[in-house]
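**Q** coords below, sequence missing:
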């Protein structure tokens, strides 16, 4: 297998894994609010929280220290690998890329809008970034949230998708539909995070350079570029639109004609392996998230202070097992102890602290009792923390 093919496979494995991971995290939040909203795993949420952090030493609602950690990591990688976050990490960008591949399969070509209109539209993401940052810093809220296609994606199947997140749903739909015809339309024209990362990426170290002497002007690099840059017409890709995905380098048929390299210093450059750009970006994130998860600065879920066997009850009575006690069931589901005393013929307080296995009481019986009580009250026992498995309100 060619080295370029291996690199592309590695990139795809990383992007697919991150798309699946973030989709699961977003879905878990819809099921049970023990897991934070997807904003807590978005670096732009950290950017929106910047002013609140400076002024009040706190973060905006629905964000967490994890979003700030992701912001700083993303910013750090931009100074080294430019906008590699956009090309090798961002799940929303990859989602558009998947629709783009579907479009190529259907139409056997890509469509482009006129070059002049394209250049003008690419500047839209900068006022979008400034407007939403200004609103966030003025109102101390995640102002972009109702318009965020990534938030809308995680509310698919939710009752709020076409009410609270109607604008975000519309932008998501247009971005994915447009992605069938145009490469990464949201990334190119509207993404505020892309606008923010374009600034440090201008001085980022790793960039694509072209050997003009060995180039055969086949144009494959231009057709492969997801940001529709004219790679074949420059000796060095300096555009802030480049997302360092490496697709142009991998598709080039002439060895060492398109490579990643550092800026020229005294006329000399240092060539960088493509795998370093793709894998290095991921490894930096993996290392930072690994360390901060270990130190508990990066939180994958809310801390309840409960033992695991009690915490699982927050998911609903279907998680009641033989190692649970009636005292735990009473505490989690707020059921009066007298109810169990009457229904189970209990005659001592100690019995509440015995496991169901020790009591000889089938867990199914307690599950049914809890479920029946909640149904009679018109409540969902899986909705203790605002979840419920049906896309409940945030």
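**A** Now that the structure is in, tell me what you want to look at. What you are looking at is a predicted structure, and each value in this text was computed from that prediction instead of being measured. Numbering: from 1, shown residues only.
**Q** what helices or strands is the lowest-mean-pLDDT helix or strand in the chain leaning on?
**A** Ranked by mean pLDDT, DSSP states H and E, the weakest helix or strand in the chain is helix 50-56, scoring a mean of 77. Packing partners of helix 50-56 (3 or more Cβ pairs under 8 Å, 6 or more residues apart in numbering; DSSP states H and E): helix 125-139. Every residue, glycine included, has its C-beta placed from N, CA and C.
**Q** buried stuff in the helix it packs on?
**A** 125, 128, 129, 132, 133, 136, 137 (16 or more other Cβ atoms under 10 Å).
**Q** for stretch 349-366, same thing?
**A** 351, 352, 354, 355, 356, 359, 361, 363, 366.
**Q** residue 82: which of those is nearest?
**A** residue 363 (54.8 Å; Cβ to Cβ).
**Q** ok, that closest one - contacts?
**A** Applying Cβ atoms under 8 Å, 6 or more residues apart in numbering, we find residue 363 in contact with 320, 321, 322, 324, 356.
**Q** do residue 174 as well
**A** Contacts of residue 174 (Cβ under 8 Å, 6+ apart): residue 185.
**Q** got it, and residue 268?
**A** Neighbours of residue 268 in contact, by Cβ under 8 Å, 6+ apart: none.
**Q** picking that back up, mind giving me the PyMOL select for the contacts of residue 363, buried ones only?
**A** A single PyMOL command selects the buried members of the contacts of residue 363 (16+ other Cβ under 10 Å):
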select buried, resi 320+324+356
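**Q** outline the domain layout of this structure.
**A** Domain assignment for the chain by automatic domain parsing gives 3-202+278-294, 308-376.
**Q** which of those sits most buried?
**A** domain 3-202+278-294 (a mean of 19; mean count of other Cβ atoms under 10 Å).
**Q** quick one: distance of that one to the chain centre.
**A** Averaging C-alpha positions (Cα atoms, centre = their mean, to the nearest Å) puts domain 3-202+278-294 6 Å from its chain's average.
**Q** now do the same end-to-end measure for it.
**A** 35 Å (Cα to Cα, to the nearest Å).
**Q** now do the helices in the stretch 101-250 of the chain.
**A** 115-121, 125-139, 149-153, 166-181, 185-189, 192-201, 220-224, 247-251 (DSSP state H, counting those that start in this stretch).
**Q** nearest to residue 33, of those helices?
**A** It's helix 149-153; of the helices of the stretch 101-250 of the chain, that one is closest to residue 33 (Cβ to Cβ) at 15.2 Å.
**Q** show me the shaky parts of the stretch 1-150 of the chain.
**A** Counting by pLDDT under 70, the stretch 1-150 of the chain shows low-confidence ranges at 1.
**Q** give the contact list for the residue nearest to residue 260 when sequence neighbours are not counted.
**A** In space, and not counting its chain neighbours, residue 260 is closest to residue 272: 4.3 Å by Cβ to Cβ, 6 or more residues apart in numbering. Residue 272 makes contact with 206, 259, 260, 261, 262 under the criterion Cβ under 8 Å, 6+ apart.
**Q** and the least confident of the residues you listed?
**A** Lowest in pLDDT among the contacts of residue 272 is residue 262, which has 90.
**Q** I figured that one hits residue 270, correct?
**A** Yes. Using Cβ atoms under 8 Å, residue 262 is in contact with residue 270, at 4.6 Å.
**Q** quick one, helices of the stretch 251-394 of the chain?
**A** Going by DSSP H, counting those that start in this stretch, the stretch 251-394 of the chain shows helices at 274-294, 308-311, 326-333, 337-344, 356-359, 363-376.
**Q** so what does the longest one touch, helix or strand wise?
**A** Right, helix 274-294. helix 3-31, helix 65-81, helix 84-88, strand 258-261.
**Q** what's that helix in contact with?
**A** So helix 274-294 is contacted by 4, 6-7, 10-11, 14, 66, 69-70, 73, 76-77, 80-81, 84-85, 88-89, 206, 244-246, 249-250, 259-260, 298, 300 (Cβ under 8 Å, 6+ apart).
**Q** what's the neighbour count on residue 304?
**A** Counted by other Cβ atoms under 10 Å, the residues lying close to residue 304 total 12.
**Q** any idea of the pLDDT on the nearest residue to it once chain neighbours are set aside?
**A** Of all residues not flanking residue 304 in the chain, residue 311 sits nearest, at 5.5 Å (Cβ to Cβ, 6+ apart). Looking at residue 311, its pLDDT reads 88.
**Q** please apply the same query to the one 5 residues further on.
**A** We have a pLDDT of 87 for residue 316.
**Q** nearest residue to it other than its sequence neighbours?
**A** residue 382 (3.6 Å).
**Q** quick check: that neighbour vs residue 319, distance?
**A** 9 Å (Cβ to Cβ, to the nearest Å).
**Q** what do you get for residue 30?
**A** Taking Cβ to Cβ, one finds residue 30 at 17 Å from residue 319.
**Q** how about residue 104?
**A** Residue 104 is 45 Å from residue 319, by Cβ to Cβ.
**Q** please apply the same query to residue 341.
**A** 23 Å.
**Q** now residue 378
**A** 22 Å.
**Q** same check on residue 347?
**A** Going from residue 347 to residue 319 by Cβ to Cβ gives 28 Å.
**Q** got it, and residue 74?
**A** 36 Å.
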